[in-house]
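A.B. asks: Below is the structure, and that's it, no one-letter string:
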């Protein structure tokens, strides 16, 4: 038995953020809330997501269970919600579906077929020895990625006294510098200057659904760790660095 | 001789609605106004359109005549009108064209070539023994079609105590329920519960240009009849049911 | 040495207008300002552009020089600017780049690779014996081109007592008449009635970035001359007439 009620808008934003990286995921339902950890199909990035039961208007479950979700199917459903719809999530174990009932000016019931997602379970979070942590506005980060995309398909993230995004290509080179005093930089903590290069399309996909602020942790030629929240749910994205040729 | 004056906006909306179903149509000009009845190229749906001379600012004709119109050509012209343009329609029998003069901040004259559309004439409206009639907002109908489209390319319309739109596919099933008390349901009259299944793309095309409210009449495995008005012009759409496999 | 400071928005608009016609251009930097004259790759149209040093907030150069710019590359950069960004243009002769520094809430530096554009230098402006000059709103001109595009891929520009745009195709014919008294016509000077026919896609591309008003000079089967200003910079477009078949 699992039944939970929350704002359709909150669920929509979270599903969009999850779907920016992964497709088929094991959603773990526990007494504390729901969580998932999954890698993208090419195993270059990882997502860790947690939504505590406090985020829900109602939350009831009688046992811990893992269900397989096709995030794209679920997205199609939830993207049809309106901003003030209430969403009821219900597990129908007999039919092997998760029911999503949207209540607004009409009542819409979606029965979303569950899938097998057992191979993704028991992923460990890697330990990263990053040396710099930057808190900034997600909009500034997205803008920098778009700038970098003009000349290249990868970008170097650097931190020393300021946060830098650099890209270089045949037609020119670009540097975006966000420094102390700029309204988009909230905090910069650097124990040692660091720089790593990443695939732009992964970072761009990740960055799209981040609201407000985010934190970026980088080291030298090391995975980047991006953390943010969506209306009480916590997200961690990990992306492996690009090996320079 | 035929000459008529009306709001370009009204004509644009009507032409858009007609063009959502049919391409080449016989437009009948009578002393009472203009009308057309036509089937779509695959003969699955029918449209019946009437615009009484009262809708026009001026309306003059000296004999009943039928002219063949390529609705797509006419759409391209009229879609370039602005909301406060005045439209003059004039038949140029010599050049075999219908002239459309748009008067606004400039004067734009379109001469639209007439075509042969004789094979479409003398269509009869079918008599339908529907058992349910629902009046609802066209927006709620369009939304339900979009929901259904998530899982399938066809939709069942049902009426008993409420109006239902149901669809089922491999990834899940969807039900939209609009019931008494919902602000989008204006009236529901059911002499016997009824359900029929239809092609989604036809219904979607039909529904796009319906403003405000509409009525839907359904029976069991029977064509659906959709009626609505656009600024004084009356429309009837008929769509044959999908034969279940 | 060349260094100049101006509104990024002004530069963006000018680069967009230049890029609507030509791709690789020789930008001439003189003590008076910057200028360029170039033909499109098919040699059907010519652009003449001048921006006096008064348009710049700062302007410094120590010698006259011509640099080759790929307008598309430069567009990608400058299109990422925000409306209140300040742009610093700097020539880096050593690296053979033009630096563009955008200063806003962050600092973004683009190094744009220079190219060889010597073959375009020393173009002469043709002398045209036009007999009509019309000043009108660029919006009315763009609208007329869109109207013409419904039936054809070319358009006749005519002037006598009024300004006309005519097009004719298989599905119909179109005439746009802008006459004295229409709010979009500011001035019409006709020494002899004139008409010439032009390729629509060239005129459409040219017209897209023209703000506010423009002037059109035409003759009989003669190139058209279009003049306009963008925030103090002056533009002349010349387009050869279409040879009727």
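C.D. replies: Nice, I can see it. What you see is a predicted model, and the numbers here were worked out from it, not measured in a lab.
A.B. asks: The nearest residue to residue A:39 once chain neighbours are set aside - how many residues pack around it?
C.D. replies: Leaving aside its sequence neighbours, residue A:39 sits nearest to residue A:46 (CB to CB, 6 or more residues apart in numbering or on different chains; 5.1 Å). From N, CA and C alone the C-beta is placed, and that goes for glycine too. Other residues within reach of residue A:46, judged by other CB atoms under 10 Å in any protein chain shown, total 22.
A.B. asks: How about the one 5 residues further on?
C.D. replies: Around residue A:51 sit 25 other residues, with neighbours defined as other CB under 10 Å.
A.B. asks: ok, now which ones touch the residue nearest to residue A:39?
C.D. replies: Neighbour list for residue A:46: A:37, A:38, A:39, A:40, A:123, A:125, A:126, A:237, A:238 [criterion: CB atoms under 8 Å, 6 or more residues apart in numbering or on different chains].
A.B. asks: And residue A:198, how far from residue C:25?
C.D. replies: Counting by CB to CB, to the nearest Å, the gap from residue A:198 to residue C:25 is 35 Å.
A.B. asks: quick one: which helix or strand includes the residue nearest to residue A:39?
C.D. replies: Here residue A:46 sits within strand A:45-52, counting by DSSP states H and E.
A.B. asks: Could you give the bridge partners of the residue nearest to residue A:39?
C.D. replies: residue A:39, residue A:238 (DSSP bridges).
A.B. asks: What pLDDT does the model give it?
C.D. replies: Residue A:46 is assigned a pLDDT of 96 by the prediction.
A.B. asks: In chain A, where is pLDDT below threshold?
C.D. replies: A:120-121, A:244-245 (pLDDT under 70).
A.B. asks: Please tell me how far residue A:85 sits from residue A:19.
C.D. replies: Distance, residue A:85 to residue A:19, using CB to CB: 19 Å.
A.B. asks: Ok, residue A:209 next?
C.D. replies: Counting by CB to CB - residue A:209 and residue A:19 are separated by 8 Å.
A.B. asks: Please apply the same query to residue A:147.
C.D. replies: From residue A:147 across to residue A:19, the span is 25 Å (CB to CB).
A.B. asks: who's more crowded, those two?
C.D. replies: residue A:147 (23 against 20).
A.B. asks: Contact partners for that one?
C.D. replies: Here residue A:147 is in contact with A:165, A:167, A:174, A:176, C:80, C:108 (criterion: CB under 8 Å, 6+ apart).
A.B. asks: ok, of these, which one's closest to residue C:139?
C.D. replies: Nearest to residue C:139 among those is residue C:80, at 26.7 Å by CB to CB.
A.B. asks: give me the beta-bridge partners of residue A:154?
C.D. replies: residue A:199.
A.B. asks: Give me the neighbour count for it.
C.D. replies: Residues lying near residue A:154 (other CB under 10 Å) number 19.
A.B. asks: same question, residue A:151
C.D. replies: Neighbour tally, residue A:151, other CB under 10 Å: 22.
A.B. asks: Just the helices from chain A, written as ranges.
C.D. replies: A:8-19, A:71-78, A:138-149, A:200-207 (DSSP state H).
A.B. asks: ok now the first one, how far from the chain's centre?
C.D. replies: The chain centre lies 10 Å from the centre of helix A:8-19; the measure is CA atoms, centre = their mean, to the nearest Å.
A.B. asks: now do stretch A:146-156
C.D. replies: 21 Å.
A.B. asks: and it, which residues are buried?
C.D. replies: A:147, A:148, A:149, A:150, A:151, A:152, A:154, A:155, A:156 (16 or more other CB atoms under 10 Å in any protein chain shown).
A.B. asks: Closest one to chain B out of these, please.
C.D. replies: Using CB to the nearest CB, residue A:149 comes nearest to chain B of the buried residues of stretch A:146-156, at 31.4 Å.
A.B. asks: now that closest one, nearest residue through space, not along the chain?
C.D. replies: residue A:200 (5.6 Å).
A.B. asks: Give me the distance between the one you found and chain C.
C.D. replies: Counting by CB to the nearest CB, to the nearest Å, the separation of residue A:200 from chain C is 14 Å.
A.B. asks: before we move on, what about residue A:59?
C.D. replies: 40 Å.
A.B. asks: Over to residue A:169?
C.D. replies: Taken as CB to the nearest CB, the span from residue A:169 to chain C is 9 Å.
A.B. asks: Residue A:143 now?
C.D. replies: 8 Å.
A.B. asks: That residue: what's it in contact with?
C.D. replies: So residue A:143 contacts A:176, C:80, C:106 (CB under 8 Å, 6+ apart).
A.B. asks: ranking those residues by neighbours, who comes first?
C.D. replies: residue A:176 (25 neighbours).
A.B. asks: Just grab the bridge partners of that residue for me.
C.D. replies: Per DSSP bridges, the residues bridged to residue A:176 are residue A:165, residue C:108.
A.B. asks: so what are the domain limits for chain A?
C.D. replies: A:2-120, A:132-239 (automatic domain parsing).
A.B. asks: Ends of the shortest one, what's the gap?
C.D. replies: For domain A:132-239, the first-to-last residue distance is 16 Å (CA to CA, to the nearest Å).
A.B. asks: From the chain's centroid, how far away is that domain?
C.D. replies: Using CA atoms, centre = their mean, the offset of domain A:132-239 from its chain centre is 14 Å.
A.B. asks: Over to stretch A:115-130?
C.D. replies: Relative to its chain's centre, stretch A:115-130 lies at 14 Å (CA atoms, centre = their mean).
A.B. asks: Give me the contact list for it.
C.D. replies: Against stretch A:115-130 from outside (CB under 8 Å, 6+ apart): A:24-26, A:37-39, A:46, A:48, A:66-70, A:194, A:217-219, A:222-223, A:225, A:236, A:238.
A.B. asks: sorry, back to before: okay if I get the domains of chain A as a markdown table plus distance to residue B:13?
C.D. replies: Listed next are the domains of chain A as a markdown table, based on distance: least, CB to CB, whole Å:
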| stretch | distance to residue B:13 |
| --- | --- |
| domain A:2-120 | 25 |
| domain A:132-239 | 36 |
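A.B. asks: To residue B:12, which of these lies closest?
C.D. replies: Of all the domains of chain A, it is domain A:2-120 that lies closest to residue B:12, at 28.9 Å by CB to CB.
A.B. asks: how far is the closest one from where the chain is centred?
C.D. replies: The answer for domain A:2-120 is 14 Å, by CA atoms, centre = their mean.
A.B. asks: quick one: contacts for residue A:102?
C.D. replies: Contact partners of residue A:102, counting by CB under 8 Å, 6+ apart, are A:8, A:80, A:81, A:85, A:86, A:87, A:108, A:109, A:110.
A.B. asks: Weed out the non-buried ones from those.
C.D. replies: A:8, A:80, A:81, A:85, A:87, A:108, A:109, A:110.
A.B. asks: re earlier: can you tell me which of the helices of chain A comes nearest to residue B:97?
C.D. replies: Residue B:97 lies closest to helix A:71-78 among those, at 46.9 Å (CB to CB).
A.B. asks: quick one, the closest one and helix A:8-19 angle?
C.D. replies: Here helix A:71-78 runs at an angle of 160 degrees relative to helix A:8-19 (axes from the mean of the first three to the mean of the last three CA atoms, to 10 degrees).
A.B. asks: residues making contact with helix A:71-78?
C.D. replies: Residues contacting helix A:71-78 (CB under 8 Å, 6+ apart): A:8, A:11-12, A:15-16, A:18-19, A:22-25, A:87, A:98, A:100, A:110, A:112-113, B:150, B:171-172, B:174.
A.B. asks: what's the answer for stretch A:183-193, then?
C.D. replies: Where contact means CB under 8 Å, 6+ apart, the residues beyond stretch A:183-193 that reach it are A:131-137, A:139-140, A:158-163, A:178-180, A:213, A:220, C:105-106.
A.B. asks: can you list the residues of chain A near chain C?
C.D. replies: Contact residues (CB under 8 Å from any CB of the partner chain) of chain A with chain C: A:140, A:143-144, A:146-147, A:150, A:170-179, A:182-184.
A.B. asks: try 10 Å this time
C.D. replies: For chain A, the residues in contact with chain C (CB under 10 Å from any CB of the partner chain) are A:136-137, A:139-140, A:143-144, A:146-147, A:149-151, A:162-163, A:165-166, A:168-179, A:182-185.
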